[in-house]
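Novice: task: produce atomic coordinates for the following.
(one chain, ligands or ions: 1)
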Amino acid sequence: MTTQATSPATGQNGTVVRSNVFLRLLKNPLGVTATVILLAMLVLAVFAPVIAPFDQNYANLAKPMAMPDGVNILGTDSAGRDIFSRLAYGAQLTLLSALLCAAVAIAIGLPTGLIAGYYGGFFDTASNWVVSILMSLPGLIVLLTIRAAFGPSVWTAMIAFGILISPSYFRLTRSAVQSVRNELYVDAARVAGLSDASIIGRHIFSVVRAPIIIQTAAVCGIAIAIQSGLEFLGLGDPSKATWGVMLNDGFKNVYLAPQVLLWPALAMALTIGALVLLGNAIRDALEDADKASGKKAAAASAAVIGAALGSATSAAMGATSGADVVPHQAKVRPVAKSRPVAGTPAVAEGTEHHLVKVTHLGVGYPQADGTVKKVVDDVSFHVDRGEIVGIVGESGSGKSQTAFSILGLLPDNARIVAGTIQFDGAYTVAPADDRVDEDRVRRLRGKRIAYIPQEPMSNLDPAFTVGYQLVTPMVRVLKITKAEAKARALKLLADVGIPNPDRTFAAYPHEVSGGMAQRVLIAGAMSCEPDLIIADEPTTALDVTVQAEVLDLLRELQGRLGMGMVLVTHNFGVVADLCDRVVVMQNGRLVEEGPVRDILRSPKDPYTQMLLASMLEGKEPRTQLTKVAAR
Ligand SMILES: Nc1ncnc2c1ncn2[C@@H]1O[C@H](COP(=O)(O)OP(=O)(O)OP(=O)(O)O)[C@@H](O)[C@H]1O
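Specialist: Numbers count the residues shown, from 1 in each chain. Predicted coordinates for the structure are as follows:
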């Protein structure tokens, strides 16, 4: 969010999108007031030794509780110490200890919240237990106990308070992460081969950054209040000038010299108030930035649509035609043979040459009553290099579950109940495995197996530019420099028919149209020169004319690069147009498999006949396929 909001970017329509959160903050009078007060306190704290005319503990016993004059501009306290000097030194201690408290709370709450939210499972359960225990502790009593055990150190008290308040960061982070961890762009990053640490650092952390900043403003205010409260009760270190200690001294003499109480109270009230106001102002600035970027997105889309309707269309589409496509460089990476992982059995002899071989695959989900619901049952097919295999079937027939089994992206609760999957001569699901082995598939995903998803927009992270999302996987996977990756990304964008690659490279996802976003994802899938591409209904989210262009593009790229492709679709027209062989699925089972030409000419299974009949022109449209008995 913040990245998006603070980084200027060139939009698809050529305009510069500028949504600077800091500038918005400065336009808000409350934000300006809060910033000025906090800066003043900071200057007072940092330059205390220079600004303060006296040492914090220098006492002029002849001048107790004096009113302000030329020497002591805010007067003196009960021991004749200069109030202004003590306020300045107090600002140092008070602000530093509040920052220490926030730092401790963040250091504990943020990483644990990120891990618990992202991975869930045992760590989530265990950390929730610890958090519940911490939250049930009576904070003040714990602090009093710590004070009794370790003495009146403000640092110890603030470290302890930081630990006690860390659950607020944990919960904030955990819930923010949970809300995005299943977003398609996070899956897309996983498929692109990024490690969990990179995904958390780049895609997830950006979501929690803004709430953490706002929370920290509030926590610093609370820490100052708690710390001063303890010192006001006389539990602080009287040898250190903090605002709480000063408050305590002033309160004892409130009837004799109320001004002694006034100054530390004013400093505290102003600082805490400014922190709360700053938090609110940041939140408002971020919300305004969101609204602004939304408007700009709409404007950009309108401009793109306008351009698409105009003469720009022919230029854009011309780029995809054979003559205009920049020839893709020949595959530089030699085809790496997958090595069987130690402890994994060798694949059946004579099957090693298949790029992918799925054998009697069964996928199921355990149910509450102890049974397992099979969603893929006894499915076998193979894909060779250079061929496109379509998986076709009505909604819910198990196409995506089959594709996700190859990608290793099944949900945690899914089980492989039967069969095997092998990729390039090595098992990714070996006999007797009940899950896809994440380690085995992780080494392939993004490098040798790429994925083109259904919904282009949801698969691009809104917080990063298109260019960044193309360059990062290439730098990691191909071990090339950023400059090389950028040059490659620009070429890929041109290859997939994007008319102005430089502009699209610098644009955020909301600044490109759906068709462009799908081309970007295709460019991303091609970028690491995979051996296999799995395209899951790659044209479903696009309008009809763009669908045809994207299919043309896929066919052209696949032919040129000689990859294997699995195309998941419910549309036999797409299969007829693009595929060499087809696998027909119904209710999780494979009903028919073979060369597209044969199946189109003489479909043997009644379900295939029904599917084909439903797409033939001149017939009454049919919306249901229920006439064929479920198997
Ligand atoms: N997490 C899950 N838990 C239980 N059942 C699931 C889960 N995910 C999918 N299924 C079931 O698996 C079956 C096959 O789903 P799948 O997504 O593979 O269908 P599909 O053929 O790809 O359909 P569509 O074209 O609509 O995407 C469906 O009945 C679905 O309800």
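Novice: which residue is the nearest non-sequential neighbour of residue 481?
Specialist: residue 475 (7.3 Å; CB to CB, 6 or more residues apart in numbering). C-betas here are computed from N, CA, C, even on glycine.
Novice: in contact with the one you found, which residues?
Specialist: 481, 482, 485 (CB atoms under 8 Å, 6 or more residues apart in numbering).
Novice: does the helix or strand containing residue 389 come close to the ligand?
Specialist: In this structure, residue 389 sits in strand 388-392 according to DSSP states H and E. No - figure legend: strand 388-392 not in contact with the ligand (CB under 6 Å from any ligand atom); closest approach 8.2 Å.
Novice: what packs against that strand?
Specialist: strand 372-383, helix 399-407, strand 564-569, helix 572-578, strand 581-586 (3 or more CB pairs under 8 Å, 6 or more residues apart in numbering; DSSP states H and E).
Novice: and the longest one, how far out from the chain middle?
Specialist: The one in question is strand 372-383. Counting by CA atoms, centre = their mean, to the nearest Å, strand 372-383 is centred 32 Å from the centre of its parent chain.
Novice: try stretch 167-175
Specialist: Mean-position distance between stretch 167-175 and its chain equals 16 Å (CA atoms, centre = their mean).
Novice: go on, stretch 369-379?
Specialist: On the basis of CA atoms, centre = their mean, stretch 369-379 sits 32 Å off its chain's mean C-alpha point.
Novice: also stretch 102-122?
Specialist: With CA atoms, centre = their mean, you get 15 Å for stretch 102-122.
Novice: next secondary structure after the helix or strand where residue 111 lies?
Specialist: Assigned by DSSP H and E, residue 111 belongs to helix 83-119. Note on helix 83-119: by DSSP H and E, the next helix or strand toward the C-terminus is helix 121-136.
Novice: what's in contact with that following helix?
Specialist: Contacts for helix 121-136 (CB under 8 Å, 6+ apart): 112, 115, 116, 117, 163, 164, 166, 167, 170, 171, 174, 412.
Novice: quick check: mean pLDDT across it?
Specialist: Mean pLDDT, helix 121-136: 90.
Novice: ranges for the strands of the chain?
Specialist: Along the chain, the stretches classed as strands by DSSP state E are 9-10, 16-17, 356-366, 372-383, 388-392, 415-423, 426-429, 449-452, 532-536, 564-569, 581-586, 589-595.
Novice: pick the most buried one from these.
Specialist: Stretch with highest mean neighbour count among the strands of the chain: strand 449-452 (a mean of 28; mean count of other CB atoms under 10 Å).
Novice: quick check: residues of this protein near the ligand?
Specialist: Looking at the ligand, the residues of the chain close enough under CB under 6 Å from any ligand atom are 365, 375, 393, 395, 396, 397, 398, 399, 400, 401, 411, 570.
Novice: switch these over to a markdown table; also include distance to residue 461.
Specialist: Shown next, in a markdown table, are these (distance: CB to CB, whole Å):
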| residue | distance to residue 461 |
| --- | --- |
| 365 | 29 |
| 375 | 29 |
| 393 | 31 |
| 395 | 28 |
| 396 | 29 |
| 397 | 31 |
| 398 | 29 |
| 399 | 26 |
| 400 | 22 |
| 401 | 25 |
| 411 | 21 |
| 570 | 28 |
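Novice: which ChimeraX command selects the buried ones in the residues you listed?
Specialist: For the buried members of the residues of the chain next to the ligand, the matching ChimeraX selection, counting by 16 or more other CB atoms under 10 Å, is:
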select :365,375,393,397,398,399,400,401,570
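Novice: turn the residues of the chain next to the ligand into TSV, columns for pLDDT and distance to residue 31.
Specialist: Output for the residues of the chain next to the ligand, formatted as TSV (pLDDT from 0 to 100; distance: CB to CB, whole Å):
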residue	pLDDT	distance to residue 31
365	92	50
375	94	53
393	88	56
395	85	50
396	87	51
397	90	55
398	91	54
399	91	52
400	90	47
401	93	50
411	86	43
570	83	52
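Novice: can you list the weak-confidence ranges in the stretch 301-450 of the chain?
Specialist: Scanning the stretch 301-450 of the chain with the threshold set as pLDDT under 70 gives 301-344.
Novice: hang on, I meant the chain
Specialist: Scanning the chain residue by residue, the ranges that satisfy pLDDT under 70 are 1-21, 287-344, 541-544, 546, 615-631.
Novice: break it down into its domains, please.
Specialist: What automatic domain parsing lists as the domains of the chain is 2-47+82-296, 356-615.
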